[in-house]
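# fold the following and give me the result.
(one chain, ligands or ions: 2)
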Amino acid sequence: MAFHSGFVCILGRPNAGKSTLLNALVGEKLAIISPKPQTTRNRILGIIHVPKQKGRLGGQVVLIDTPGVHRPDTSLGRKMMAEVREAMVGCELVLLIVDVTRRFTREDHFVLEMAKKSGTPVFLLLNKIDLLRGTKEKLLPIIDEYRKLHEFREVIPLSARKHEGLEVLLDKVLRFLPEGPRYFPEDQITDQPVRFMVAEIVREQVLVETEEEVPYATTVVIEQFEEGTKVTRIAAMIYCERSGQKGILVGRGGQMLKKIGTAARLQIEKMLGKRVFLELFVKVRENWRESHEFVEELDWRRQVERLAGGVKP
Ligand SMILES: Nc1nc2c(ncn2[C@@H]2O[C@H](COP(=O)(O)OP(=O)(O)OP(=O)(O)O)[C@@H](O)[C@H]2O)c(=O)[nH]1
Ligand SMILES: [Mg+2]
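Numbers count the residues shown, from 1 in each chain. Ligands and ions are numbered 1, 2, ... in the order given. The predicted structure follows:
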């Protein structure tokens, strides 16, 4: 029986709902989500295994979530955009996702141009339709406007958060993809190492609990990860850029750090299915976002490469 498969890249502005879509389609929380723009900083693979059923194609969709497209002004921002470009290489299809409640602006043109330049076929996804009242009548003129901008292979309204329109999307994606191999084994849903996902869960709580510059100036590195028989011991370092930010992250009498730690631990325990002892530390590393070297060190793919290569003489 025909098995369709391929690599599909999700592209869009910050906050459009890319990571929400990835999680919804895979059915697991693989990417962190927040109402703040520029939440995702790396490309994230999510593998969808679709069993063949009556009237439906079977196959495998290798989805790639990407950081929101923006004009970067730091090393971190440039790295994020490099992640977007790398994700697009070798993809059979681009899912360009827009927030349907927002006006189309110059920033959207910038994203559209990226998709066009790639030469890859594009599906346009109109996300957050749950926020439109009187949906149908409002959608048609929006679809018409978008159709004038590019020859999208499909235009699909959906709500990633409410899981509306996802079956239609998946079906159209599978039909579009060619017959191909099973790229990943059936029990694999991502390529992210657990350590990195743990760091992201901690960072998500920083995004939830802090405001203004703090979440953007923060990154998380796992320093210890020891799996015991009963408890997994994890130590994470939260880096920020200034002592004032450290003060906020620690909080009065350590209250903030405790809050972040408790919420993160509960999620990590859920993910690992095990009890976790989580220790958090905060350190200032001035202007780390401007440091190309440090930003590269944060890239888990580089870390994996380094470990595989062993220590160089
Ligand atoms: N109402 C509504 N909100 C949504 C929908 N999809 C996503 N959101 C919300 O939009 C915000 C951004 O969602 P994300 O999935 O983090 O967006 P993103 O495109 O990955 O953002 P970056 O990683 O910053 O580029 C979150 O508050 C989501 O809950 C949707 O279909 N409807
Ligand atoms: Mg995201």
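
# is the helix or strand where residue 46 lies positioned near ligand 2?
Assigning secondary structure by DSSP states H and E places residue 46 in strand 44-50. No. Strand 44-50 stays out of contact with ligand 2 when judged by Cβ under 5 Å from the ion, the minimum separation being 8.1 Å. (Each C-beta comes from the backbone N, C-alpha and C, glycine too.)

# show me the domain layout of this protein.
With domains defined by automatic domain parsing, the chain comprises 3-176, 194-309.

# can you list those domains in a markdown table and add mean pLDDT, mean neighbour count and distance to ligand 1?
As requested, those are exported to a markdown table (pLDDT from 0 to 100; neighbours: other Cβ atoms under 10 Å; distance: least, Cβ to the nearest ligand atom, whole Å):
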| stretch | mean pLDDT | mean neighbour count | distance to ligand 1 |
| --- | --- | --- | --- |
| domain 3-176 | 95 | 18 | 3 |
| domain 194-309 | 96 | 16 | 9 |
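
# pipe these into JSON lines and attach distance to residue 186 per row.
Below are these laid out as JSON lines (distance: least, Cβ to Cβ, whole Å):
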{"stretch": "domain 3-176", "distance to residue 186": "5"}
{"stretch": "domain 194-309", "distance to residue 186": "19"}
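
# thinking again about what came up before, can you list the helices and strands that the strand holding residue 46 packs against?
Using 3 or more Cβ pairs under 8 Å, 6 or more residues apart in numbering; DSSP states H and E as the contact test, the elements touching strand 44-50 are helix 18-26, strand 58-65, helix 166-176.

# same list (those) but as JSON lines, adding distance to ligand 2.
JSON lines is the format used below for the helices and strands packed on strand 44-50 (distance: least, Cβ to the ion, whole Å):
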{"stretch": "helix 18-26", "distance to ligand 2": "3"}
{"stretch": "strand 58-65", "distance to ligand 2": "6"}
{"stretch": "helix 166-176", "distance to ligand 2": "17"}
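
# what's the angle between the strand holding residue 46 and helix 18-26?
30 degrees (axes from the mean of the first three to the mean of the last three Cα atoms, to 10 degrees).

# just how off-centre is strand 44-50 within its chain?
12 Å (Cα atoms, centre = their mean, to the nearest Å).

# what comes into contact with that strand?
Strand 44-50 has contacts (Cβ atoms under 8 Å, 6 or more residues apart in numbering) with 19, 22-23, 25-26, 28, 30-31, 56-66, 170, 174, 183-184, 186, 188-192.

# sheet partners, orientation included, of it?
When pairing is defined by DSSP bridges, strand 44-50 lines up against strand 58-65 (antiparallel).

# what angle sits between the partner strand and helix 166-176?
With the same axes, to 10 degrees defining the directions, strand 58-65 sits at 110 degrees from helix 166-176.

# report the distance from strand 58-65 to the chain centre.
Using Cα atoms, centre = their mean, the offset of strand 58-65 from its chain centre is 15 Å.

# which residues sit against it?
1-10, 18-19, 21-22, 25-26, 30-31, 40, 43-52, 87, 91, 170, 173-174, 177, 180, 182-184.

# that strand: what's the following helix or strand?
Next element after strand 58-65 (DSSP H and E): helix 75-88.

# so is that next one next to ligand 2?
No. Counting by Cβ under 5 Å from the ion, ligand 2 has no neighbours in helix 75-88; the shortest distance is 10.4 Å.

# now do that helix and strand 44-50, the angle between them.
30 degrees.

# and the helix ranked longest in the chain, what other elements does it pack with?
Ordering each helix of the chain by length in residues (DSSP state H) puts helix 255-272 first. Secondary-structure packing of helix 255-272 (3+ Cβ pairs under 8 Å, 6+ apart): helix 194-209, helix 243-250, strand 275-284.

# could I get those in TSV, plus columns for distance to residue 261?
Putting those into TSV (distance: least, Cβ to Cβ, whole Å) gives the following:
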stretch	distance to residue 261
helix 194-209	8
helix 243-250	11
strand 275-284	5
